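>>> mind folding the following:
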Amino acid sequence: MLMLESLIIRYFRYLDQQGKIVNTLLGLVCSLLLGVLDFLTPMEYSFSFLYLLPISFTTWFAGKRPGLVISIICTAFWSEYRYQGASGAAAWNILSTLGIFCVVAIMLFRIRQLWEAESTLSRTDPLTGVMNLRAFMEIVEYELMRLKREKSPFSIAYIDLDNFKQINDSYGHRKGDELLNEVVRCLASNLRKTDAVARIGGDEFTIFFPATDQKAVKVVTQKVREELKMLSSNTLATTISMGVVTCIDGACNLDEVISIADSLMYEVKKAGKNNVQYAEHTGA
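Purely as a prediction, here's the structure:
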């Protein structure tokens, strides 16, 4: 059951990646095929329900306007083979069918909007806007399947802001929140689009560096460390303690790598803070 659910999710992601134009064309092709099938089938059989399939598909993956266009096309196919003459009853039935198709499209579009909003809220840290731990683990686990096949390295960084509690106690939580947001902006300006950042605690962050060996990750993390060291928010400077683990062969367990990076970060804390500790790991 879990495998089937995973396949469906991946299939839906694949369709979303194709874009509105491709999905609209797919919906149009399905409508045409259904129209031909409707034409070849005796009139006693109604295809009204089946026409909802391309309408629903197009609306979900392409949007409201393409969904409404497909609704009109499906109504035209449905009515062409049933009402050849002009009459009040025929017009009423055609308009009623069009209304039903359009209502389904609009409702499905609204459901998609609500689902996306709920999905965003459940996967995003409300203060900083970066991913939460749940979203981070899902995305990274998916990416690790590719890295494992390619035997490509990756790195995980575990970051903790130094003396953050004292900042909150001395200047208030509002200043602390401002500092967290500035830290996120600093991270975003120094990382690649393929890197993933998540806030996993009050002042703790983790970063995923795909296809990044230890030499490359040292360059990035040292640059981030120096820029964060100079970061200030209304004269509030901060430093960080960081643990970084590089998986050499891409076959490491994610939880284990994060745990090791966390331990390295605490070693930095014990040694005086404001530093980075590095380590390498393998799937074996």
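>>> break this protein into its domains for me.
By the assignment in automatic domain parsing, the chain contains the domains 2-123, 133-281.
>>> now the ones you listed as JSON lines including mean pLDDT and mean neighbour count?
C-beta coordinates here come from the backbone N, C-alpha and C atoms, glycine included. Putting the domains of the chain into JSON lines (pLDDT from 0 to 100; neighbours: other Cβ atoms under 10 Å) gives the following:
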{"stretch": "domain 2-123", "mean pLDDT": "86", "mean neighbour count": "15"}
{"stretch": "domain 133-281", "mean pLDDT": "88", "mean neighbour count": "17"}
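>>> what ranges does this structure have for its strands?
154-161, 196-199, 204-210, 240-247, 275-281 (DSSP state E).
>>> nearest to residue 69 among the ones you listed would be which one?
For residue 69, the closest of the strands of the chain is strand 196-199, at 36.8 Å, according to Cβ to Cβ.
>>> give me the contacts around that closest one.
Applying Cβ atoms under 8 Å, 6 or more residues apart in numbering, the external contacts of strand 196-199 come out as 125, 127-128, 130-133, 135-136, 139-140, 180, 184, 187-188, 191, 205-208.
>>> OK, contacts around the residue nearest to residue 274 when sequence neighbours are not counted?
Among residues not flanking residue 274 along the chain, residue 239 sits closest, at 3.9 Å (Cβ to Cβ, 6 or more residues apart in numbering). Taking Cβ under 8 Å, 6+ apart, we find residue 239 in contact with 161-163, 225, 228-229, 273-274.
>>> from those, pick the one nearest residue 27.
residue 228 (48.2 Å).
>>> tell me where this protein has helices.
Counting by DSSP state H, the chain has helices at residues 2-40, 48-62, 64-80, 88-123, 133-150, 164-171, 173-190, 214-230, 254-271.
>>> now distance to residue 245 too, for those, in a markdown table please.
Shown next, in a markdown table, are the helices of the chain (distance: least, Cβ to Cβ, whole Å):
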| stretch | distance to residue 245 |
| --- | --- |
| helix 2-40 | 27 |
| helix 48-62 | 38 |
| helix 64-80 | 46 |
| helix 88-123 | 24 |
| helix 133-150 | 13 |
| helix 164-171 | 23 |
| helix 173-190 | 18 |
| helix 214-230 | 9 |
| helix 254-271 | 5 |
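>>> so which of the ones you listed gets nearest residue 280?
helix 214-230 (5.8 Å).
>>> need phi/psi at residue 128.
phi -100, psi -20 (degrees, to the nearest 10).
>>> ok, the spatially closest residue to residue 167 that is not a sequence neighbour to residue 136 distance?
Distances taken as Cβ to Cβ, 6+ apart put residue 176 closest to residue 167, at 5.4 Å, once the chain neighbours are dropped. As judged by Cβ to Cβ, to the nearest Å, residue 176 and residue 136 stand 22 Å apart.
>>> reformat the strands of the chain as a markdown table; add distance to residue 18.
Compiled in a markdown table, the strands of the chain are given as follows (distance: least, Cβ to Cβ, whole Å):
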| stretch | distance to residue 18 |
| --- | --- |
| strand 154-161 | 27 |
| strand 196-199 | 23 |
| strand 204-210 | 23 |
| strand 240-247 | 32 |
| strand 275-281 | 37 |
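>>> residue 262 is nearest to which of the ones you listed?
strand 154-161 (4.9 Å).
>>> OK, contacts around residue 116?
Applying Cβ under 8 Å, 6+ apart, no residues contact residue 116.
>>> quick one: it and residue 122, what's the gap?
Relative to residue 122, and taking Cβ to Cβ, residue 116 is found at 11 Å.
>>> again, but for residue 271
Where residue 122 is concerned, residue 271 sits at a distance of 37 Å (Cβ to Cβ).
>>> no further questions, thank you.
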